[in-house]
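Novice: what's the 3D shape of this:
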Amino acid sequence: MSLRSSVVLNRLLAKVRVRHLQALVRLSELGNVNRAAQAMGMTQPAVTLLLADLERLIEAPLFVRHARGVTPTPLARELLPLVRQMLGRLEEGAELVASRLDHSQGTVRVATTAAGANGLLSQVLPGFMVAHPQVQVLVTEVDILAVSASIDTGSADLVFCRQPVVVPQGWRFEPCRADRFVIACGLQHPLARRKRLALTDLEHATWLPNAMGSAARDRFEQLLQQQGWAPRTCQIVTRISALSWTLLDTQPLLALVPYSVVRPWVERGQLKVLAVPLDMPFSPLGLLRPIDGLGPAGERLVDHVLKASRPG
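Specialist: Here you go, the predicted model:
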């Protein structure tokens, strides 16, 4: 007879400790009981016992033992994202408790896309930190596709991003900063030294391609079609901002990107926006906030962001 989910749940609630969850994660990451024990500050027999307890509770193996160590079973691999999420929420809870005991004015959990971090938060958080030193801000970067998940799971009080196609029920989007597409490159690129450029000057350039499915990729393909170009592209495609900017900084490449994404590097003089006649506005950056129920710390952050984003 198959094991009912209610039975498994009752067993886990009664018997599982945080150490069991940590052991599952560490064993999966390190693939060796001894190394996992060292990472957890425990003995090898103690970690072995934790694993045996967990497997006994769910009546299924979580690891395959072999001469080199252990390998997670398909069940363990499916459980890992959930277990990591639970441990992450415990860490957030610890941060919250610590901030309360430290007489802070509260904690606000922020999820942000790369554009939200680079184009908005990086501009306003330094001032907020000075104005409200006792408010703790926990910031996590998420992909635009994970915005709804951050809201659905209750892991974010605020989300900094562009307006999603569907705003989650009970939330509203407040635009804060206009955006546009620009063409960026490193300071050593031959075109970076020119004060004025025509689009035709870019025809024979080599480009850093945008990830498939991104708005920047769509706009780039529109530009190619409009200009009739067949451009050269490098063979590295990534959504990791820091890697993209490193490639632009060290290689003779161009990239069509939202200005918000490269703004911090441009303002620090590490990248250059080419002076080309490019009219490609993009949807503004802003914040998603719950219509009701935002705590005092969150309200302070929202108020600061909106004031800092006003023209003039």
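Novice: hang on, isn't Asp249 packed against Arg268?
Specialist: No: counting by Cβ atoms under 8 Å, Asp249 does not reach Arg268; the two are 11.4 Å apart. No exception for glycine: its C-beta is placed from N, CA and C like everyone else's.
Novice: looking at those two, which is more packed in?
Specialist: Comparing Asp249 with Arg268 by other Cβ atoms under 10 Å, the one with more neighbours is Asp249, at 17 against 8.
Novice: what strand or helix carries that one?
Specialist: helix 241-250 (DSSP states H and E).
Novice: in that helix, what's buried?
Specialist: Buried residues in helix 241-250, counted by 16 or more other Cβ atoms under 10 Å: Ser241, Ser244, Trp245, Leu247, Leu248, Asp249.
Novice: which of those residues sits closest to Arg310?
Specialist: Of all the buried residues of helix 241-250, Ser241 has the smallest distance to Arg310: 26.8 Å, by Cβ to Cβ.
Novice: turn the buried residues of helix 241-250 into CSV, columns for pLDDT and distance to Phe173.
Specialist: Shown next, in CSV, are the buried residues of helix 241-250 (pLDDT from 0 to 100; distance: Cβ to Cβ, whole Å):
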residue, pLDDT, distance to Phe173
Ser241, 81, 23
Ser244, 88, 27
Trp245, 87, 28
Leu247, 92, 32
Leu248, 92, 30
Asp249, 90, 33
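Novice: mind giving me the packing neighbours of the helix or strand that comes right after the helix holding Asp249?
Specialist: Sequence order places strand 254-258 as the next helix or strand after helix 241-250, per DSSP H and E. On a contact count with 3 or more Cβ pairs under 8 Å, 6 or more residues apart in numbering; DSSP states H and E, strand 254-258 meets strand 171-186, strand 206-207, helix 215-227, helix 241-250.
Novice: what mean pLDDT does the next helix or strand after strand 254-258 have?
Specialist: As assigned by DSSP H and E, the chain's next helix or strand after strand 254-258 is helix 259-267. If you average the pLDDT over helix 259-267, you get 88.
Novice: and Gly69, which of the helices and strands packed on strand 254-258 is closest to it?
Specialist: Nearest to Gly69 among these is helix 241-250 (31.0 Å), distances taken as Cβ to Cβ.
Novice: pLDDT below threshold where in the stretch 101-250 of the chain?
Specialist: Along the stretch 101-250 of the chain, the model assigns pLDDT under 70 to residues 101-105.
Novice: what do you get if the cut-off is 80, keeping everything else the same?
Specialist: 101-105, 143-154, 213, 240 (pLDDT under 80).
Novice: what about Val305, how many residues nearby?
Specialist: There are 24 residues near Val305, going by other Cβ under 10 Å.
Novice: A helix includes it, no?
Specialist: Yes: counting by DSSP: H, G, I helix; E, B strand; the rest coil, Val305 is part of a helix.
Novice: so the closest residue to Ala215 other than its chain neighbours bridges to which residues?
Specialist: Setting aside the residues directly before and after it, Ala215 is nearest to Phe282 in space (Cβ to Cβ, 6 or more residues apart in numbering), at 7.0 Å. Note on Phe282: beta-bridge partners by DSSP bridges are Asp179.
Novice: rewinding a little: just name the closest of the buried residues of helix 241-250 to Met40, please.
Specialist: Ser241 (33.1 Å).
Novice: was I right about the closest one contacting Ala114?
Specialist: Yes: counting by Cβ under 8 Å, Ser241 touches Ala114, with 5.0 Å between them.
Novice: joint contacts of those two?
Specialist: Contact criterion Cβ atoms under 8 Å, 6 or more residues apart in numbering; residues shared by Ser241 and Ala114: Val261.
Novice: related to what we said a few turns ago, ranking the helices and strands packed on strand 254-258 by burial, who's on top?
Specialist: strand 171-186 (a mean of 19; mean count of other Cβ atoms under 10 Å).
Novice: helices or strands up against it?
Specialist: helix 241-250, strand 254-258, helix 259-267, strand 271-273, strand 281-290, helix 296-309.
Novice: run the chain-centre distance for it.
Specialist: Per Cα atoms, centre = their mean, to the nearest Å, the displacement of strand 171-186 from the mean C-alpha position of its chain is 17 Å.
Novice: gap between Gly286 and Thr112?
Specialist: Distance from Gly286 to Thr112, counting by Cβ to Cβ, to the nearest Å: 11 Å.
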